[in-house]
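Q: just coords:
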């Protein structure tokens, strides 16, 4: 039989679901320390078959997503609270509720005012509402994406979709940052600012966070243009500065973005993120010249690397694998995946590193694994290793 406080928690959850007020439910603090399941994140979605619960099972090395009918989902939540997790955080439109199971078996329930607003529509496989709304959105007009009537220009429809897909991709990780009171965001190599503006818009107007965003760009004309648009848009906490990834002075970084930074510029960005203790590092590498030139294979892999195109692809895989492993060595849970290209380029791999607190890291073993990869391909040093003095 469930603890009375757990029953009360479940009743509140049921009420939020019935009223469509549920924002997010997170279960953590695993009871079985040998379990690979670290966290369970639940949100509401509306499918063709009706209102459902979306479960994200977060394991050490992978995430598994499943949708359940309400009744089945509620049963799974109850079972998880009783048998799998010690703690839960429930976020709704009007109040937050936390539950904690103490070592002595007592269960504490705490109710506080809401700190989050619904970041996304419940719609899942119906025609969905875009996270970035074109109507009266000044920066979209100034960037040429919408016309004077706030309609998306036909020739810019792909760009508008790409902006929204980018935000949708990052949204689950951005919600994880919602507890940071003063969020400092840096976009390295911000270019024309399409994505910088959209990210700032989402964080401030959708998640209602207190955000300071800086776009770093070497081309002065783009910096001036973007600053002018930021002022017209009323984005007082968004600014653009002229500089480079490695030399621009920044006082604090919670979220670091570096999309399509060429060759070792991606490593410069990751280095800045690691040294700043950034909670989230997002990179989309472009070009992998350093490792391709450094490869000196004298083993069974010779026949793979002697073909130019195959050597290039091997260099891409090795470069980004080592980057991901180095992030893990410094306490980041890292995912590497394909995303829809934002610049119409086949370079569509994204590396996302999320800082994990209180996680025991076997740094020596990770560095041994990296050394083994380098030895196999005859590589002396990865540029990111040089920056970190590894």
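A: All right, it came through fine. Given the structure is predicted, the values throughout are model-derived calculations rather than measurements. Numbers count the residues shown, from 1 in each chain.

Q: contacting residues around residue 27?
A: Residues near residue 27 by Cβ atoms under 8 Å, 6 or more residues apart in numbering: 39-42, 77, 80-81, 84-85, 87-88. All C-beta spots, glycine's among them, are computed from the backbone N, C-alpha and C.

Q: my error: substitute residue 90 in the last question.
A: Residues in contact with residue 90 (Cβ under 8 Å, 6+ apart) are 9, 12-13, 16, 22, 24-25, 96-99.

Q: what is the burial count for the residue nearest to residue 322 when sequence neighbours are not counted?
A: Leaving aside its chain neighbours, residue 322 sits nearest to residue 382 (4.8 Å; criterion: Cβ to Cβ, 6 or more residues apart in numbering). Here the number of neighbours of residue 382 (other Cβ atoms under 10 Å) works out to 25.

Q: okay, now the unreliable bits of the protein?
A: By pLDDT under 70, the low-scoring segments of the chain are 1-2, 48, 61, 115-129, 340-347.

Q: any buried residues in the longest helix along it, and which?
A: In the chain, assigned by DSSP state H, the helix with the most residues is helix 308-329. Across helix 308-329, burial judged by 16 or more other Cβ atoms under 10 Å covers 311, 314-316, 318-329.

Q: what's the helix or strand for the residue nearest the centre of the chain?
A: By Cα atoms, centre = their mean, the chain has its centre lying nearest to residue 173, at 3.6 Å. Assigned by DSSP states H and E, residue 173 belongs to helix 157-176.

Q: can you give me the buried ones in that helix?
A: Neighbour counts over helix 157-176 (16+ other Cβ under 10 Å) mark 159-160, 162-167, 169-176 as buried.

Q: also stretch 13-29?
A: Neighbour counts over stretch 13-29 (16+ other Cβ under 10 Å) mark 13, 16-17, 21-27 as buried.

Q: what does stretch 98-117 give?
A: Quick answer for stretch 98-117 (16+ other Cβ under 10 Å): 98-99, 101, 107, 109, 116.

Q: before we move on, what about stretch 92-99?
A: By 16+ other Cβ under 10 Å, the buried positions in stretch 92-99 come out as 92, 96-99.

Q: residues in contact with that stretch?
A: Contacts of stretch 92-99 with the rest of the structure, by Cβ under 8 Å, 6+ apart, involve 5-6, 9, 12, 16, 21-23, 81, 87-90, 107-118.
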